[in-house]
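Peer 1: Let me see the structure of the following:
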Amino acid sequence: MIKFICLGSGSSGNCYVLWTEQTTILVDAGLGIRSLKRSLLEAGHDVADIDAILVTHDHADHIKAVGYMSKDYDVPVYATELVHEGINSNYSVGIKVRPEKKHVIEKGVRFSVGDFQVTPFGVPHDSNDCVGYRIEAEGITFVILTDVGHVTTEIQKEVSRAHYLVVEANHDVDMLKIGPYPAYLKGRILSDRGHMSNATCGQLLAEHASQHLRHVWLCHLSEENNHPELARKTVEGILHGYGIVPGKDFELEVLRRRNASEIYEL
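Peer 2: Residues are numbered from 1 along each chain as shown. Reported below is the predicted structural model:
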């Protein structure tokens, strides 16, 4: 059996955990190490249980603890070459990834971590590089897709493959436009290398979710430019327009920014 928990999702820090009886992996480690260790313990894991960290990109809210974990707990860190370069140059990562724990991956090239088969795929974002992950085990396909500047054909295909999907619904466009952010930051978020809105997320799901999709979690919500209920209702409204009923066709939930989710059995 595969289990999943989100330890945090948003600009305050991102970390997702998948495990079987034999293998435990993190996708991103953007929490402070103390918070990460505490949340893992509350979920029944010690940080020493972690077999690998898969990094999506090199922004601080996704990599804060990777160097510490590679150094003190011998955890291998998987990322593209460009993401590894970004980690090395990011001032927020005080302890860098140990060279012997650096694993370079390539988009579209599958690799194994214990029980899991992992395929990274490209995601447009304003970082050195950015990937999503298709993670497969026990006949189940789990896809994580965060920090999405715009939807590509490759992203559409990955969504259509998923039984379980973590997908960004970062902002409400109207909230962002009238909100307190300076113009340059609004422009960055709305650009094709920024973040995906609630409406774009809903459209992506409506057009590309398959009949075998079982559960969707909306992730990386903005604290200033979104609200969990607004994100859920916006996505639900678009899905209803296509005859898709969340709770019947698949489950739809919103992940919290600073608190761990429940543990899900996939």
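
Peer 1: only C-alpha atoms for contact and neighbour calcs from this point on.
Peer 2: Will do.

Peer 1: Just list the residues touching residue 137, thanks.
Peer 2: With contact set as C-alpha atoms under 8 Å, 6 or more residues apart in numbering, residue 137 has these partners: 2, 115-117.

Peer 1: before we move on, what about residue 97?
Peer 2: Neighbours of residue 97 in contact, by C-alpha under 8 Å, 6+ apart: 66-68, 70-71, 77, 87-88.

Peer 1: likewise residue 253?
Peer 2: Contacts of residue 253 (C-alpha under 8 Å, 6+ apart): 216-218, 232.

Peer 1: Just the ones of the contacts of residue 137 in strands?
Peer 2: Secondary-structure check on the contacts of residue 137 using DSSP state E: residues within strands are 116-117.

Peer 1: Whichever of the contacts of residue 137 end up buried, select them in PyMOL.
Peer 2: A single PyMOL command selects the buried members of the contacts of residue 137 (16 or more other C-alpha atoms under 10 Å):
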select buried, resi 2+115+116
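
Peer 1: would you turn the contacts of residue 137 into a markdown table with distance to residue 109 and pLDDT?
Peer 2: A markdown table is the format used below for the contacts of residue 137 (distance: C-alpha to C-alpha, whole Å; pLDDT from 0 to 100):
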| residue | distance to residue 109 | pLDDT |
| --- | --- | --- |
| 2 | 23 | 97 |
| 115 | 17 | 98 |
| 116 | 14 | 98 |
| 117 | 10 | 98 |
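
Peer 1: just to revisit the earlier point, among the contacts of residue 97, which ones are in helices?
Peer 2: Using DSSP state H, the subset of the contacts of residue 97 located in helices is 66-68, 70-71, 87-88.

Peer 1: Are any of those buried, and if so which?
Peer 2: 66-68, 70-71, 87-88.

Peer 1: Contacts for stretch 156-164, please.
Peer 2: So stretch 156-164 is contacted by 134, 140-143, 165, 204-205, 208-210, 212-216, 266 (C-alpha under 8 Å, 6+ apart).

Peer 1: any idea how far residue 146 lies from residue 10?
Peer 2: Applying C-alpha to C-alpha, to the nearest Å, the value for residue 146 to residue 10 is 10 Å.

Peer 1: go on, residue 237?
Peer 2: Distance from residue 237 to residue 10, by C-alpha to C-alpha: 23 Å.

Peer 1: Same check on residue 48?
Peer 2: 25 Å.

Peer 1: Name the residue in the two with the higher neighbour count.
Peer 2: residue 10 (23 against 13; other C-alpha atoms under 10 Å).

Peer 1: Can you report how many residues neighbour the residue nearest to that one when sequence neighbours are not counted?
Peer 2: In space, and not counting its chain neighbours, residue 10 is closest to residue 220: 4.0 Å by C-alpha to C-alpha, 6 or more residues apart in numbering. Neighbourhood size, residue 220 [other C-alpha under 10 Å]: 27.
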